[in-house]
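Asker: Return atomic coordinates for the entry below.
(2 chains)
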Amino acid sequence: MRYHTPENFEDAAAIAASATGVTRFLAGGTDVLVQLRSDMVTPDDLIDIKRIVGADAIMQNADGSWHIGPAVSSAAMHEHAGLSAAWPGVVEAADLIGSTQVQGRCTLAGNLCNGSPAADSVPAMMAAGASVSVVGPKGTREIAVEDIPVSPGKTSLTKGEVVTGVNLPASGANTGDAYLRFIPRTEMDIAVVGCAVCLTRDGDTITAARVALGAVAPTALLVADAAAALVGSTLDEAALDALGKAAEAACKPITDKRGTIKFRTHVAGVLAKRAAKIAYDRAGGAQ
Amino acid sequence: MIHVTTTVNGDEVEFVCDPRETMLDVLRDRLGLTGAKEGCGTGDCGSCTVTVDGRPICSCLMLGVEAEGRDIGTVEGIATDEDLHPLQKKFIEYAALQCGICTPGILVATKSLLEKNPNPTETEVRYWLAGNLCRCTGYDKIIRAVMDTAADMREAS
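Answerer: This is a model prediction of the structure:
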């Protein structure tokens, strides 16, 4: 295994583009090292992006939007007061990944690129309208988070492309987001179902919404019908009922040791309603 | 083999390792620091907890080569000279350990919690230590030892 420590993203992309064997980028390593040690994936080239200047930086742009470097840990996000206030749902999702120790290393970019359908931060990023910046052999591009996962373990990124950061839009004063997941214990488990809601209010009326589900399909899903159920409503019982039904209808889960198809589908509707209530309160100014 | 210069418990340390070697293996097999233990090797049990630049991490999920230029803290660095850290004294007083395999990781993780939050609630302690598994004590003595240490340290400061 060759270990590379490029000084910039262009060099990181060039190493990956010219590599002929198994290649992995290394950020927090909480998935890559587990796969390496269990002999599931033994990279020929391991490209550590943590020496790249800015890779571990959380930056707010002049327009209020955010750029989160691909080596920023969940713990660093949680400790960032401005980011936590602007996007509490994204931060709480990142803060649910693994243990304190895992959160000291794991990253949004890694959670996304690992391609797990149950990744906690991915529905939260989708609901928030996040995108990733990517550099590769054909230059740079910006891709919506919902266009990255393709199937379990597979992403739409092509050979030689590396994520240079996660972009979150400016969070308006009347916008709120929330993420909830179901696990059979209180901590340290993989989502049976995850749901993120982000919505914007004008007074009591919801003017925009995005709803995303995790662990109920081969990829995390952005559910347009569920968002449509919220827009124009005041989150009354009828809107919540429609939201729950739309979330259930979007589910294409499997039955495994964590939960059955029936259970996952039911919980998706329940979590959507609960997350919407939290997001609605946050959009109304609640902390 | 790759040459690495890093800081461990305040001392500059140099070592040479294969890029596949974990930080845990480097600490134990190359630097002779056997406090951090391997339990699961997959980041689930926390017995290999060390700090990197002040943050607790699982050293089984970090490569030795990633330590270049970093500041590593292990359980060996918790006591000052002959004086045990207040957490260590309290763990003995409360018998908050039996076989002891999980203890170094719990001490490192808890020390960093108390540095961040000197007045944690019991719930905060339990969540912070959710990734430190103990198969002996049932956790109650550990949590009580931590809460009592935090109270003593607040009083002393």
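Asker: list the buried ones in the longest helix anywhere in chain B?
Answerer: Longest helix in chain B, counting residues (DSSP state H): helix B:140-156. Within helix B:140-156, the residues that count as buried by 16 or more other Cβ atoms under 10 Å in any protein chain shown are B:141-143, B:145-150, B:153. Quick note: C-beta positions are derived from backbone N, CA and C, even for glycine.
Asker: Likewise for stretch A:5-20?
Answerer: A:5-6, A:8-10, A:12-17, A:19.
Asker: do whatever helix or strand B:Thr5 lives in and chain A meet at all?
Answerer: Element membership of B:Thr5 [criterion: DSSP states H and E] is strand B:2-8. Yes. Using Cβ under 8 Å from any Cβ of the partner chain, strand B:2-8 reaches chain A at B:Ile2.
Asker: residues from chain B in reach of chain A?
Answerer: B:2, B:19-20, B:22, B:41-44, B:46, B:49, B:52, B:55-58, B:60-63, B:65-66, B:68, B:109, B:113, B:127-132.
Asker: Relative to A:Asp31, how far out is the closest residue to chain A within chain B?
Answerer: Here the residue of chain B nearest chain A is B:Gly131; by Cβ to the nearest Cβ that distance is 2.1 Å. Plainly put, B:Gly131 is 16 Å away from A:Asp31 if you go by Cβ to Cβ, to the nearest Å.
Asker: for B:Gly77, same thing?
Answerer: From B:Gly77 over to A:Asp31 (counting by Cβ to Cβ), the distance is 29 Å.
Asker: what does A:Tyr179 give?
Answerer: 20 Å.
Asker: quick one, which of the two is more surrounded?
Answerer: Between A:Tyr179 and A:Asp31, counting by other Cβ atoms under 10 Å in any protein chain shown, A:Tyr179 is the more crowded of the two (32 against 22).
Asker: hang on, that one packs against A:Gly194?
Answerer: Yes. Counting by Cβ atoms under 8 Å, A:Tyr179 does reach A:Gly194; the two are 6.7 Å apart.
Asker: Now list whatever residues contact both of those two.
Answerer: Counting by Cβ atoms under 8 Å, 6 or more residues apart in numbering or on different chains, the shared contacts of A:Tyr179 and A:Gly194 are A:93, A:120, A:123.
Asker: So which of these is surrounded by the most neighbours?
Answerer: Of all the shared contacts of A:Tyr179 and A:Gly194, A:Pro123 has the most neighbours under the rule other Cβ under 10 Å, reaching 37 neighbours.
Asker: mind checking which helix or strand it is in?
Answerer: Going by DSSP H and E, A:Pro123 is part of helix A:121-128.
Asker: How much space separates the nearest residue in space to B:Cys17 that is not next to it in sequence from A:Leu33?
Answerer: Leaving aside its chain neighbours, B:Cys17 sits nearest to B:Gly64 (4.3 Å; criterion: Cβ to Cβ, 6 or more residues apart in numbering or on different chains). B:Gly64 sits 12 Å away from A:Leu33, going by Cβ to Cβ.
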